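Asks: I would like to see how this sequence folds:
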Amino acid sequence: MFKSLKEKLSAFKKKIDEKFRREVKEEVAEAKEVVKKEEKVEQRRVEVKESEKEEKPKKVGFKDKIVTLIKEREIVIDEKSVDDILEDLEIILLESDVALEVVEEISRRLKERLVGRRRKIGERLSDIVINELKLVILDILDRNRFDFDEFVESRLKEKRPLNVVFVGVNGTGKTTTIAKVAKRLMDFGYSVVLAAGDTFRAGAIEQLEEHGRRLGVKVIKHRQGADPCAVIYDAIKHAESKGIDVVLADTAGRMHTKKNLIDQLAKIKRVTKPDLTIFVDESIAGNDAVERARMFNEAVGIDGTILTKIDADPKGGTAISISYVTGKPVLFLGTGQGYDDLVKFDSKWLIERIFGEI
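Replies: Modelled structure (predicted):
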């Protein structure tokens, strides 16, 4: 997970140390010169009279003075040094599929934190930069926090059933993710029904039915080509009559044109009034996933995102970017093919997997 990004950040950290090691050497040399001058002044002032001889205190050696001076002195991190660091970092982030606007935001915040900061001469600049980078990314990830479990528990006190609609393009794991969410809800004690609202893609209904069979969950379906609004509406009515807690509705991910898809999704939202609209895409898609999330959010409105295949993502840029770009939270991360391979989004968990070995 995030192997490529971790390797690049590790190399970046080493480069900072190598690049700014010369600065430390210059400071040490300067410190030695200062101490030499102080030694000469002190020697001139020493006049020992035989009658005033007393036991002398332990003399602080030349080396000790240098060490003390170096430890007590600090270096101010200047703007030029920060700009040099950020230039390298921005390339790494862009190569790791972090969206341009997010890269710019990270750079801006990091510059604010670093310029003018003081560091001990013996303190590694790379450690300061990496720690501040962690905090900046953590803050970006946490800006749209949302707890799915708390939402479900709270909303079910007000109405039943909840209608959760899943949107996104085909081939990104949307239908499997619906099954994973169903399993999670059932593990929490909720009852679930699935709505086969993707009536466009061949095999979509059968795929959802197979998941329903494995999980022991009923699937409401119509024939292929039917109106998906009618399918989801019937699922809601079925849930109402049976006292079922949650309806999880699949939708088409690819139509003849983007307009047809958006029009259909807009109709589904208008008719079925979902409590949550969740966008699903794969983390390995990088900027394509981010742009699709932006498009779906602007066209029909989404309430959150689930990213699949995070375990196979070598870069990590999608997870860092998508919440910032859409202004909507990441809810879960898909970490495998099993029904239990769904991790509730935790920004600290993500940061640890990006920076843990650096």
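
Asks: what sits against the most centrally placed residue in the chain?
Replies: Central residue of the chain (Cα atoms, centre = their mean): Ile320, 3.4 Å from the mean position. Ile320 is in contact with Val98, Val102, Ile137, Ile140, Leu141, counting by Cβ atoms under 8 Å, 6 or more residues apart in numbering. (Glycine included, C-beta is placed from N, CA and C.)

Asks: same thing but 6 Å
Replies: Neighbour list for Ile320: Val98 [criterion: Cβ atoms under 6 Å, 6 or more residues apart in numbering].

Asks: The one 5 residues further on now?
Replies: With contacts defined as Cβ under 6 Å, 6+ apart, Val325 is in contact with Ala99, Val290, Arg294.

Asks: Am I right that Ile268 sits in a strand?
Replies: No - using DSSP: H, G, I helix; E, B strand; the rest coil, the secondary structure at Ile268 is helix, not a strand.

Asks: Tell me where the model's unsure across the stretch 1-150 of the chain.
Replies: 22-73 (pLDDT under 70).

Asks: Would you map the helices across it?
Replies: Using DSSP state H, counting those that start in this stretch, the helices found in the stretch 1-150 of the chain span residues 3-45, 62-72, 79-95, 100-114, 125-141, 148-155.

Asks: For the fourth one, buried residues please.
Replies: Buried residues in helix 100-114, defined by neighbour count with 16 or more other Cβ atoms under 10 Å: Val102, Val103, Glu105, Ile106, Ser107, Arg109, Leu110, Arg113, Leu114.

Asks: Name the helix or strand for the residue nearest to the centre of the chain, please.
Replies: Element membership for Ile320, per DSSP states H and E: helix 317-326.

Asks: Quick check: mean pLDDT of that helix?
Replies: Mean pLDDT, computed over helix 317-326, is 96.

Asks: Chain neighbours aside, what residue packs nearest to His211?
Replies: Distances taken as Cβ to Cβ, 6 or more residues apart in numbering place Ala179 nearest to His211, at 3.8 Å, with adjacent residues excluded.

Asks: part of a helix, is the one you found?
Replies: Yes - with three-state DSSP as the criterion, Ala179 is part of a helix.
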